[in-house]
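Fold the stuff below for me.
(chains A, B, C and D)
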Amino acid sequence: MSFVDQFWQLTVTGLLVGAIYAVIALGYTLVYGVLQLINFAHSEVFMLGAFGGLFAVRALLPSGNINALLSVLLVLAGLAFGAASGGLAAFALERTAYRPLRRRGAPRLAYLISAIGASLFASNLAGKEFGRDSVNLPKDLFTYNTEVFSVFGARVSSQDLVVFLVALAMLLILDRVVSGTQLGRGIRAVAQDADTASLMGVNVERVIVRTFVIGGLLAGAGGFLYAMKFNASFTMGFIPGVKAFTAAVLGGIGNVRGAVLGGLVLGLVENYGQFFLGADYTDVVAFMVLVLILLVRPSGLLGERLGRAA
Amino acid sequence: MSTVLEVKNVTLRFGGLVSLDNVSMSVTRGAISAVIGPNGAGKTSLFNCLTGAYRPQEGQVLFTASDDRQSQLVGKTPHKITALGVARTFQNIRLFPALTALENVQIGVESRQRSGALAAMLRLPSNRRDDRDSVAESVRLLDFVGLRHRVHEISASLPYGDQRRLEIARALGTKPSLLLLDEPAAGTNPAEKRELEGLIRRVADTGVSVLLIEHDMRLVMSVASAVTVLNFGKVIASGPPEAVQRDPAVVEAYLGAAQDEGTGT
Amino acid sequence: MTTAVSARLSSPLARRLGGCLFLALVTAVVTGPDGSNVHPLDGVKNSLLNTRVFGFLVFGLLLFAVTSLSGRTKPIGLTQVRTRLSQAVGQRGTRPTGYLLLLAIAVLVPLQLSPAAQGSLFLDVGIYALLALGLNVVVGYAGLLDLGYIAFYAIGAYTTAYFTSSVINGKVVYPLPVHSPLLLNPFFVFPIAVLIASVAGIILGGPTLRLRGDYLAIVTLGFGEIVQILARNSDPLTNGSRGAFGVPPLSLHIGGFSYTWGQDALPYYYLLLGIVVVVMIAFSRLERSRIGRALAAIREDEVAAEASGVQTLRYKLLAFAIGASTSGFAGVLYATRQFFNPETFSLQASILVLTIVIFGGMGNIFGAVLGAVVLQGLAYILRDPIPLIGFKVPDADRFVYFGAVIMIMMVFRPQGLVPSRRRKREITMSEQGMGSADSLGSGEVSA
Amino acid sequence: MQLRRSVPLVAVLVAGSLALTACGSSNNSSSSGGKKTIKIGFQGPLSGDNAQLGINGEFGVKTAIEEANKKGDLPFTLQLVTSDDIGKPEQGATAAQRLIDDSGVVAVVGPMFSGATKAAEPAFTKAGLLSVSPSATNPQLTSLGFTTFFRVIPPDDAQGQEAANYLTKVVKAKTVFSLDDKSEYGTGLSSVIEKQVKANGSTVIHDGIPPTKDYTAEADKVIAAKPDALFYSGYYAEFGLLVRALKSKGFTGTIMSGDGSNDDKFIAAAGASNAEGVLLTCPCGDANVDPNAKDFLASYKATNGGAKPGTYSPEAYDATNAIISVLKSLGNDATNRQKVADAFKTVNFKGITKTIAFTPTGEVTAKIVFVYKVVGGTRTVLGTTVDLVK
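Residues are numbered from 1 along each chain as shown, chains lettered A, B, ... in the order given. Next up is the predicted model:
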């Protein structure tokens, strides 16, 4: 089992994980763009989205067999409910843990701690309400072992393909939103200079809330994808959260395309690293690469500007 | 007369943009010199090259310390350059806003001290001596710039003109042999300007060479003994103020700039 | 119609009412019955569709009444208490009597506590106070966000395990699969651990301290993770996740005198109290020295500091090394409680220390200690029924309450319990748009 | 001036808050309704990431206590006192001390995790308080001089050896991929298995992967190594995901895991079709499957609001019942910790998982290891290794 034999398999897996990292990373990067803050509670938005989508699909799941059309509809429903839960959670988060501090002009580290508190609160409350065991769908929406196609000999299951395509679609849509819509222009204006933006008639408060909600919608939908492929539990947010945060920094925090690139690079690096050094050292490799990249490019792969990138 | 600073063929580019184009000039020891030029002429870029904030692609900046040792400033970090004896102020005042006037100056003074962390934690005699010296020297400097009565005030709460002088005191604290002043008169009123003029002269009288960037021609003409004029990153004239003032290229540059300013921003 | 409703809803009073009622409902859910993953909404349903919810709504209305009538969101009495509290511990001018009184409390109160509370006072409060004091130098003084701080604690603990052995049941037990040829009394490990931890700090800081704010945060986070992963995976060196068992307790032999810190927590606590006091004195001197001023300068304006001759990188490195060595020192103390495993050195622990520092009041040594006492004390007290109400927080929900307290605290007092004066000024100024309260801000590169 | 006034204030605040901590844990055993109350402690992870395992144990203890109280043939009333150690060693000692401080506590079920056990036992030993772990399987634990420590579950070496024998002799695997979760439990188990597999003449490939959600890459790696069998040393949630990933990548070898995965939730996590044919070993009988445990199952559900027994619930139940049997035999001496601890050494109690009796070091004598197989979406007992491995 040489690296060459495994290369494509590892690449496919890496891109798949990377796409999910990227979807979560966007939430970090958008909020960072407008507030210059690490939203530490973003991982819990992701977790709540996962539960929302999963429970919705479970309630809708028919007892009989699932045909292709039905599975597509179920995935869409899960995405919608996941996104809605995530968006709602992000909205509540902004209202309770961020806005009051902004009104008081708190130092940046205070937001960080407030978000950590919110994160502890949300994840443990989810544990209380949804049980502390991991939950998954009672049956797969896609039949396993169905290889859709193979890329240079790498197997890609239909579920993986769906996860990847949906993630990709969300990334593209977000990119269009940020670069092409009025809301996107508002976000970019606030990211560059909140004071000037407000002088020029941008409602900064509203832009901030919407930025949170957009990040929440994405993370929520991403949470559903993740839960569909793996499972959901009240502690599920932490590790992907740290990874996605790393991805956002790797790409250049505040930079939308940087977050996507960072996510994919991190996914690939982890998988290649896992092959060479074993699973125990996956994170070591990932962080080593991060450090090396930051030493060469101190503000991430694509630099920082939200405005410039989109 | 010896020179304290020699700028030789300095060129600074940002991407395709040439900010400084083959600039050469020199500063005479003990004298007050000035760099003038319209907005965007490259004055602050030149300052940043002298103080290590920018690294020019070409050219040399040679500094001769009071002990006649010559060193190349290009490629050195700002604090190294300060340690050699070049101190600066900033165009848009950069004090440590939450610290007192005294503490601001102490930071400059203490950059020459050597007592370490352990000495500070154990409060060793060396540390106490350093502390005493730094307070005495800082108070002396505050007195020198006329801020004796403001010692314990928070720097951000000082009036604008006082902040300018405090910044000069902080720079003097590093015991420079060359002091670079970046538009010290910007935003000050006529009375403050007169005080500043006196202060700059007094600084020069203590043997510190001064190089200032200034917009205010009146101030430059009254204090400077040598003037270099920059326009579009090039030296277009240099010499004694009266000569420079009559230079047609300078007149042209300033008239053009004045028109720009009138119609522009 | 709708505009009228939304106008009414957006009026401050209506919004406050909504907020209070929302808070009441959240409280009802938090204190209500559990749900399960089979019926995910049952917990919420049973909490809200129940007569008890009226009690909470009344509470919400009361809250609304109190906050509206007093005309401000903060009850006045409490504010005064807080101000006095911060005056008592936040100022330089505190007189020796004040210090002595605090010290007397710290000495006498533990005698009244149960052994378990004493143990918690050492392991949870004391050690974390020491850790917070060290991190305060990094975050509070130098303004550097370090998320991998606990790694140095791990280094201290493993260094101790490497240099020591103990005798259990007549057998010599080495805590690690490898051990130093020269075995030492744990007291002699202190200097070694401090040295190794500070060297590790310099090795980490050297290349990375050039990075700005959040980039530094993520790199240090990575370092912390790497150290934990290495501890967990290097079985032949660290015994992996089985951890190190058999570090001997601290003992002192001077001439004929000898004393061993046994299993009881109290002697450990007093030793630690002494150490904490010494460290507090040392760090407060440090803050008031040229080094403290230089760090403040770096925090407030790095470019100006550099131009004033401050060797910014060197000072940051110094702050990093001081923080690291304090952490390493604490690691030795922790290790001498006989057993530890890599789980202790998790990212969550780093985050907890950071929370303590900021919760207590960034930049203030009293804040760091008070933060540890309050937060860790809270985590401990939540194990018992709340006095007066008699309500016992279910163990599994402890962190729901803990998180809520942190959040509420930061909302009402973002500067922490007892911020340092300098820090408080910086915060006020950054509100007015002057300077950055920490070097996390985009430290402008003069362009 | 203001300062002087504020210092006492601080004093009062600090002293008050600390005094509150003190009073919570100093209540002694009290008598109620004529019968004396005796407390049984429980220590385990009741909050944090591993709370579910702790709750499993707590519910098991609670079931046993309520049954005993209901029966009413004891000369005293039993009460449960819980102490949360979050499963972490740094909380282990404090959690233990809380139980020790409560003089009404005469015996403890727990600690559940090996790391917390190592941190807690010195205190239990010093206090002479009996502690019976339902789940700490690290082999080292009984050799560290903890005189009041017992466990009702065999250490990992027993299970590991049997599992390895089964794989090499019954499944006849020539190459075994041994994967652990890098936990104290997982690495302990995997190292025993690997040693035994090698001793039996087969090849071992080792890897470790800390709990994660994504086992895709690991599955690629396992498949590339082409082993005949894979043994996973870890817990059910991760094992479920691992099996899913392996099956989706087309792994056809034998998949096996140990007691940490022996739970119906594993089948849910893996998906019934993926879990089909997976083997599990456990030194325990499983309550949800074992016909002997039918009564327990009903009583557990009734006591705990319909919750089903999980991993270690039956062990916690058995440990508690063994303790109760000793308390019963001691009668009035049941309040004496030392006597309880001494009497427990010779306990002989037939529980639902096994007969609880101990070797002098505190290991349970019954080292029966069951092999389970997932058939048609449910776990079925194939038998004990004594019968299966010939």
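
hey, where'd the helices end up in chain A?
If DSSP state H is used as the criterion, the helices of chain A fall at A:3-35, A:42-60, A:68-93, A:99-103, A:108-130, A:158-180, A:182-192, A:194-199, A:204-229, A:238-251, A:256-277, A:282-296, A:306-309.

for the residue of the stretch 51-200 of chain D found nearest chain B, what are its contacts?
Nearest to chain B in the stretch 51-200 of chain D, going by C-beta to the nearest C-beta, is D:Glu90, at a distance of 28.7 Å. Where you see a C-beta, it was placed from the backbone N, CA and C, and this is true even at glycine. When the contact criterion is C-beta atoms under 8 Å, 6 or more residues apart in numbering or on different chains, the partners of D:Glu90 are C:Leu123, C:Asp124, C:Tyr334, C:Phe340, C:Thr344, D:Ala119.

swap in D:Val204?
Contact analysis of D:Val204 by C-beta under 8 Å, 6+ apart lists D:Thr175, D:Val176, D:Phe177, D:Ser178, D:Glu194, D:Val197, D:Lys198.

So what are the sheet partners of the helix or strand harbouring it and their directions?
Element membership for D:Val204 (DSSP states H and E) is strand D:203-208. On the basis of DSSP bridges, the sheet neighbours of strand D:203-208 come out as strand D:175-180 (parallel).

quick one: the strand it pairs with to chain centroid distance?
On the basis of C-alpha atoms, centre = their mean, to the nearest Å, strand D:175-180 is displaced by 23 Å from the centre of the chain it belongs to.

what residues does it touch?
Outside strand D:175-180, the residues touching it (C-beta under 8 Å, 6+ apart) are D:164, D:167-168, D:186-187, D:189-190, D:193-194, D:197, D:202-209, D:218, D:222, D:225-234, D:242, D:253.

Quick one, which of the residues you listed are buried?
With burial judged by 16 or more other C-beta atoms under 10 Å in any protein chain shown, the buried subset of these is D:164, D:167-168, D:186-187, D:189-190, D:193-194, D:197, D:202, D:204-205, D:207-209, D:218, D:222, D:227-234, D:242, D:253.

Around chain A, which positions in the stretch 251-390 of chain D sit nearby?
Counting by C-beta under 8 Å from any C-beta of the partner chain, the residues of the stretch 251-390 of chain D close to chain A are D:Lys265, D:Ala268, D:Ala269, D:Gly271, D:Ser273, D:Asn274, D:Gly310.

that older thread, wait, which of the contacts of D:Glu90 is closest to chain B?
Comparing those against chain B with C-beta to the nearest C-beta places C:Tyr334 closest, at 22.8 Å.

and the closest one, what element?
Following DSSP H and E, one finds C:Tyr334 within helix C:312-335.

can you list the weak-confidence ranges in chain B?
Per-residue confidence of chain B (counting by pLDDT under 70) places the weak regions at B:1, B:255-265.

That one - how does it break down into domains?
As assigned by automatic domain parsing, chain B contains the domains B:1-85+B:176-265, B:94-175.

what residue ranges in chain D score low on pLDDT?
By pLDDT under 70, the weakly predicted segments of chain D are D:1-34, D:285-289.

who touches the most centrally placed residue in it in this structure?
Closest residue to the average C-alpha location of chain D: D:Ser135 at 2.2 Å, with C-alpha atoms, centre = their mean. Contacts were defined as C-beta under 8 Å, 6+ apart; by that measure D:Ser135 touches D:Leu53, D:Gly57, D:Met112, D:Phe113, D:Arg151, D:Ile153, D:Thr311, D:Tyr312, D:Glu315, D:Ala316.

Repeat the analysis, applying 7 Å as the threshold.
Contacts for D:Ser135 were tallied using C-beta atoms under 7 Å, 6 or more residues apart in numbering or on different chains; they are D:Gly57, D:Met112, D:Ile153, D:Tyr312, D:Glu315.

what about the last one, how many neighbours?
Read it as D:Glu315. 31 (other C-beta atoms under 10 Å in any protein chain shown).

Before we go further, it is sitting in a strand, right?
No. Looking at D:Glu315 with DSSP: H, G, I helix; E, B strand; the rest coil, it is helix, so not inside a strand.

Name the nearest residue to it, sequence neighbours excluded.
By the measure of C-beta to C-beta, 6 or more residues apart in numbering or on different chains, the closest residue to D:Glu315 outside its immediate chain neighbours is D:Pro134, 3.6 Å from it.

What degree of burial does the one you found show, as a neighbour count?
Counted by other C-beta under 10 Å, the residues lying close to D:Pro134 total 30.

Next: D:Asp387.
Using other C-beta under 10 Å as the criterion, D:Asp387 is surrounded by 9 other residues.

can you tell me the helix or strand for it?
Assessed by DSSP H and E, D:Asp387 sits inside helix D:385-388.
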